[in-house]
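1. need a structure here:
(2 chains)
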Amino acid sequence: MSHSGPGDPAVPLYARVHLAHAVVQYLADRAGVDLLHVKGPATDPDLRPPGHRSTDADVLVRPGHVGRLQDSLAAAGWERYSDFETGSAFAHAANWFHPYFGYVDVHASWPGPTAPVGEVFERFSADSEVRQIASRPCRVLSRTSQILILVLHAARSPGKGDLGPAWYAASPEEQAAVRALAAALGASLPFAVALADPHVDRSDDRYELWRVHAEGGTRLEEWRARVRAAPGTGAKLRVLGSALAVNRDHLRISLGHPPAPRELVAAQWTRIRRLGMEAAELCRRVFRRGRHDD
Amino acid sequence: MTEDSVRYRIAPDVAWLTEDEHEPAVYLAPLPDGPPLVLRDSAYAVWLGVAETGTLAEITELAAELAGAQPEVVAEDVATFVAQLTRQGLVVAER
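-> You can find the predicted model right below:
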C-alpha cells in the first residue's frame, strides 16, 4: 500500500476527480446540503468522447444551500480559488481546490436557462438518479438532462468536443426530449448557438454573449456582450464596473499569493491600458470598415 | 468465536474505485480528509476480496485466485494485510 501526497502522480487525476465527488457528497450529507453531480463521472459513459477523463468535479447545488456547502468545504481544508462573481461571465460557479483531491466547481446555477434557478434545480432534481461514484451514492441527472447540460456546456466551449456522442449520436426521440427540456427551461438560445442553428434568434440581447463564448472574441467584445446581456440599467452598470476592476481571484492565482496593494494598483493600470488598446483597435477596425464601405 | 465467523467489509466512510484498464489498482480515500491511497498487486487483490466476499478464508481464496497462487501460500500475508487495513479503519470486522 502506498500513501499519496498532494499532486502525487501515483493517483491519476481522473481518480482524484472521482474521489472529489465522493468527498463533496460526504460533506453535503453531513451539512444537510442537497446537490446534484454533473458532468464527468456523473455522466453516462456513452455520452462522453472515448477516452475522455474529467479534470475537475462539478456539482449543482440547491439554491439556499450553497453557503452551507462552501462553509463545509472551507472547514475541511478546501481553498476557494475563484468566486461566483469573478469565475466567469455567467457568475455561476465558485472553484475550490484541495491538495489531495484537486478542483471542484460549485455551481449555484448552470449557464443557459432563463427560468429561475430554483425551478431549474427542481426540474433536474425531479428525475435524477442515484449512481455510485467512488463507491458512494451520488445523485446524478437523468439522461435527458445530462445531454442538455453537455450541449449548454458546449455553447461556451469553442471545441464543442462533447457534442458528438452526446447530441449527434442521440436518437430522434432523445433529441426531441432534450429540445423540449431546453424550451421549458428557457435555454433555447444557447442551445441553438451550441448546435450552430441558422435560425438562432440574433435579436436576443444574450445572443452576442453566447456567440462570443462559442466562437471566441476579444476581451472587449466579451464585455460589450456582457453589458448588452445584462437585464436593466443597474445590472449593466455593475457589469461595466467589474469590467474596469481587476479580477482579484485571477490575480491571486497568477501571482501565487494574495496581491499586495502595489501589485493590485499595477494590475489595475495594466487592465485599463489593455482595455483602452482593445477599444482603440476596435475603433480603427470600424473606421477602416466604414472607409471600405464608402 | 472463531476467525471464520468474522466478516470483513470496507468501512462506510471510505471512497474507492478500481483501475482495470492498464495496471490494476485500487484508489481509495478515507472521507473527508484523505489522503488518497493506492493499492496494487496483492494489496489490490485483497481489497477486492474484502469488497466482494467477507470471511478471511473467502478473501484469501479470491486473493489467491487473482494472484495465481495457492491459498495456503498467500494466507499469512492476506491475514496480516487485512489486520493492517482494519487497524487503519479502512476495513471493519463484524463478529
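2. Leaving out sequence neighbours, find the closest residue to the residue in chain B positioned nearest to chain A.
-> In chain B, the residue found nearest to chain A is residue B:15; the distance is 3.4 Å by C-beta to the nearest C-beta. Where C-beta positions appear, they are placed from N, C-alpha and C, glycine not excepted. Once flanking residues are discounted, residue B:15 sits nearest to residue A:22: 3.4 Å by C-beta to C-beta, 6 or more residues apart in numbering or on different chains.
3. The helix or strand containing residue A:97 pairs with which strands, and in what direction?
-> Applying DSSP states H and E as the criterion places residue A:97 in strand A:93-98. When pairing is defined by DSSP bridges, strand A:93-98 lines up against strand A:79-82 (antiparallel), strand A:102-107 (antiparallel).
4. got a list of contacts for that strand?
-> Contacts with strand A:93-98, where a contact means C-beta atoms under 8 Å, 6 or more residues apart in numbering or on different chains, come from A:20, A:23, A:56, A:58, A:70, A:73, A:76-84, A:87, A:103-108.
5. got the contact list for the residue of the stretch 151-294 of chain A found nearest chain B?
-> The minimum distance from the stretch 151-294 of chain A to chain B, using C-beta to the nearest C-beta, falls at residue A:165 (18.7 Å). With contact taken as C-beta under 8 Å, 6+ apart, residue A:165 is in contact with A:46, A:47, A:48, A:49, A:50.
6. now the fourth one, what's its secondary structure?
-> Read that as residue A:49. Counting by DSSP: H, G, I helix; E, B strand; the rest coil, the backbone at residue A:49 sits in coil.
7. quick one on the thing from earlier: buried subset of the contacts of residue A:165?
-> Neighbour counting by 16 or more other C-beta atoms under 10 Å in any protein chain shown classes A:47, A:48 among these as buried.
8. Over to residue B:10: give its phi and psi.
-> Main-chain torsions, residue B:10, degrees, to the nearest 10: phi -70, psi 140.
9. Quick check: bridge partners of it?
-> Applying DSSP bridges, one finds that residue B:10 bridges with residue B:91.
10. Give me the neighbour count for it.
-> 17 (other C-beta atoms under 10 Å in any protein chain shown).
11. residues contacting it?
-> A:135, B:16, B:47, B:50, B:51, B:90, B:91, B:92.
12. Now render those residues as JSON lines, adding pLDDT and distance to residue A:242.
-> Output for these, formatted as JSON lines (pLDDT from 0 to 100; distance: C-beta to C-beta, whole Å):
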{"residue": "A:135", "pLDDT": "97", "distance to residue A:242": "42"}
{"residue": "B:16", "pLDDT": "98", "distance to residue A:242": "42"}
{"residue": "B:47", "pLDDT": "95", "distance to residue A:242": "49"}
{"residue": "B:50", "pLDDT": "95", "distance to residue A:242": "53"}
{"residue": "B:51", "pLDDT": "94", "distance to residue A:242": "50"}
{"residue": "B:90", "pLDDT": "96", "distance to residue A:242": "47"}
{"residue": "B:91", "pLDDT": "97", "distance to residue A:242": "51"}
{"residue": "B:92", "pLDDT": "96", "distance to residue A:242": "51"}
